[in-house]
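Compute the structure for the input listed below.
(2 chains)
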Amino acid sequence: MTVTTAQPADSSTPGRNDRTPVLSARGLVKSFGRVVGLDGVDLDLYPGEVLAVIGDNGAGKSTLIKCLTGALVPDAGQLLLDGRPVQFKRPQDARDVGIETVYQSLAVAPALDIASNLFLGRERRRPGVLGSVLRMLDHKGMRRSAAEALTSLGIGTLQNMSQAVETLSGGQRQAVSVARAAAFGSKVIVLDEPTAALGVKESNQVLRMIKEVRSRGLPVILISHNMPHVFEVADRIHIQRLGRSAGVITPSSHTMNEAVAIMTGATTLAETPGSVGAPAAAATPGPAEQDPAGDGRRPTPPRPEGHPS
Amino acid sequence: MTATVHPPATAAEQFAHRPRSPLQRVQHLLHAHPAISPFLVLVLAFVVFSTVNPRFASPNSLSLVLQQVAVVAALAIGQTLIILTAGIDLSVGAVAILAMMVSAKTAQEQGMPGLLAIALGIAVGTAAGALNGLLVTRLKLPPFIVTLGTLSVFTALGLLYSAGRSVQGSDLPALLSWTGESFPVGQFRITRGVVLVVILYLVIGFALAKTAWGRHVYAVGDDLEASRLAGIRVNRVLLSVYTVAGLVYGITAWIIIGRAGAASPNAITDANLESITAVVIGGTSLFGGRGAVLGTALGALIVGFFRSGLSLAGVDDQYRVLAIGLLVILAVSMDQWIRKVKP
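Sure, this is the predicted structure:
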């Protein structure tokens, strides 16, 4: 195996262990009656990387993501968080261990204001008797934190935290959702088609937010149909096809056309191993090749050079 | 320092940033403060009715209005909670009557002490509300159907239990009609029942505006699926709302005995529709997620003002029914318009 052991270029969190995936899935199986959604899928997410998941309709992207975030319980297979096995029975379980998901529907309550939405389900109470006995909410504090969370992601345009979310544009709503995930996600952030409904400007804003989240060392799983967006922000790209993993590539090893060809089955990763020193073998270790030394070490493909971050 | 270059805005961008028209400003204002419109209607009604007949504004007449609206205003609190979750409660009056008859009969026939009889009535109301909630959350039935069914069930139970007979206030422990006694406040006469209603409004208003439970009630009514994904235990919130509504109806039963001086299984026949009317005129959306109990209080008062004002003006009572009907349609149209607010 010609393995590159280069560290990701991201040096914002020096000294962290890049070898153990934050989140891995092994042999995930999920079927719905006779329809097979996932047919033994492996996935690894390393610290500080953006892993894109692409695939045609019905390839199992959503099923995979739902299994990773507790929205579905896989029939078989294992999930590992920091190398330890975990089981999610409901979304709250995944959230409790620090996996935050931004759903395509955004999961915001339109009539509630920005701050209320950011803290929805995790409201902060006032200190002292007011909070413990009267259970009063710390509206001011939550508004302040909400403003900080949005500003830290580069969303300075939203000033009024008591503005109802339904009065925001699509991109601004997305920003609120991503900010909520980034504020509470301590391990992984999963974004489901975050740019699907957005214009060019707003999409770029969301992509900037994703990079900002990565620069904090928080890994991101990005589901997207939009190849230019995927190739702009992803460090690695997991391709789903017909319920299986068709391979993992990087934006530097393959072109968009090659990615789409693998995704649609026009070619396979074996036929199109790609270029730029990121061998397919390293990017897609089969079960037999995994972890040969048994020391938890896995090669991480290099981050493409000149990556806009 | 380099000067920032602003690219010339496109026609669409210019259109998007055009100044708001006066009408849009009103729309945004009402969107942010939905209690404004019922408040204006209330003020307008007050001015018009007291001009037509100055007796309308007399302390006596206004005190009477308060006593008249107290029962519907109290029931409308529970109705507001349920409508905020995008539900509706048609069993309001039936639950209150059942709770009232349980209080009255146990006190009269079993010689139950007043306090215990009241507590038992409140417990029955709470249980009835919880039953509605369980049917809505466990059987996943639409609230309209659930409460349409329990309206009949609770009405029948109330009539069967009381054998269709009223219990006179004189046969009851004094504590049961305690809510009907009044005391002077300046020139006004306020009943204890009215005070109780005000306390209920303050407590529920506080819970809705200041606690996480309140946020969750709004969120669940606004977008059920989003709330679930945000980690809110949706069914638990819904069950709590129906249960609290039942508790409010149980307490209202006590107020009804005081107001009527008797416990009659045929009282407050119009309570269902009147409570919904107060909620809707008060600006709470029938589609859930927006509104407040303050608006409901204003809505109940508006109905009371129309009843008193039109009768003092010597107008046939059917004009009140007509006017309230028009107000309801106006309020719902306003709500539809306000919901379409643009960014």
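
beta partners of the closest residue to A:Val97 other than its chain neighbours?
Distance criterion CB to CB, 6 or more residues apart in numbering or on different chains; nearest residue to A:Val97, sequence neighbours excluded, is A:Leu81 at 6.0 Å. In this view, the C-beta of every residue, glycine as well, is placed from N, C-alpha and C. Taking DSSP bridges as the rule, A:Leu81 bridges to A:Leu23, A:Arg84.

for the most centrally placed residue in chain A, phi and psi?
Geometric centre of chain A, nearest residue: A:Ile221, 1.9 Å, by CA atoms, centre = their mean. Dihedral angles of A:Ile221 (phi, psi; degrees, to the nearest 10) stand at phi -100, psi 120.

ok, now which ones touch the nearest residue to it once chain neighbours are set aside?
In space, and not counting its chain neighbours, A:Ile221 is closest to A:Val190: 4.6 Å by CB to CB, 6+ apart. With contact set as CB atoms under 8 Å, 6 or more residues apart in numbering or on different chains, A:Val190 has these partners: A:Ile65, A:Leu68, A:Thr69, A:Ile99, A:Glu100, A:Thr101, A:Val102, A:Ala181, A:Val220, A:Ile221, A:Ile223.

go on, B:Pro113?
Applying CB under 8 Å, 6+ apart, the residues contacting B:Pro113 are B:Ala107, B:Pro173.

Find me the pLDDT at it, would you?
pLDDT for B:Pro113: 92.

What ranges does the chain have for its strands?
Unless you meant another one, I'm taking chain A. With DSSP state E, the ranges of strands along chain A come out as A:23-32, A:35-45, A:50-55, A:76-81, A:84-86, A:99-102, A:188-192, A:220-223, A:236-241, A:244-249.

that's the wrong chain, I meant chain B
Assigned by DSSP E, the strands in chain B fall at B:167-168, B:182-185, B:188-191, B:262-263.

Low-confidence stretches in the stretch 151-300 of chain A?
Residues of the stretch 151-300 of chain A meeting the criterion pLDDT under 70: A:276-300.

which bits of the stretch 201-343 of chain B sit near chain A?
Proximity of the stretch 201-343 of chain B to chain A, by CB under 8 Å from any CB of the partner chain, involves residues B:206, B:210-213, B:215-216, B:218-219, B:222-223, B:225-227, B:229-232, B:289-290, B:341-343.

Take those and keep only those in helices.
Among those, the residues falling in helices (DSSP state H) are B:206, B:210, B:212-213, B:215-216, B:218-219, B:222, B:225-227, B:229.

Chain A versus the residue nearest in space to the middle of chain B, what's the distance?
Centre of chain B computed as the mean C-alpha position; nearest residue by CA atoms, centre = their mean is B:Ala76, 1.8 Å away. Distance of B:Ala76 to chain A, given as CB to the nearest CB, to the nearest Å: 20 Å.

if I read this right, that residue contacts B:Ser275, doesn't it?
Yes: applying CB atoms under 8 Å as the test, B:Ala76 and B:Ser275 come out as touching, 4.3 Å apart.

if we can go back for a sec, out of the ones in helices among the residues of the stretch 201-343 of chain B next to chain A, which end up buried?
B:Lys210, B:Ala212, B:Trp213, B:Arg215, B:His216, B:Tyr218, B:Ala219, B:Asp222, B:Ala226, B:Ser227, B:Leu229 (16 or more other CB atoms under 10 Å in any protein chain shown).

OK, contacts around the third one?
In other words, B:Trp213. Contacts of B:Trp213 (CB under 8 Å, 6+ apart): A:Arg135, B:Ala207, B:Val237, B:Ser240.

and which of these is nearest A:Val165?
Of all the contacts of B:Trp213, B:Val237 has the smallest distance to A:Val165: 19.1 Å, by CB to CB.

Report the contact partners of the closest one.
Applying CB under 8 Å, 6+ apart, the residues near B:Val237 are B:Thr85, B:Trp213, B:His216, B:Val217, B:Val220, B:Ser227.
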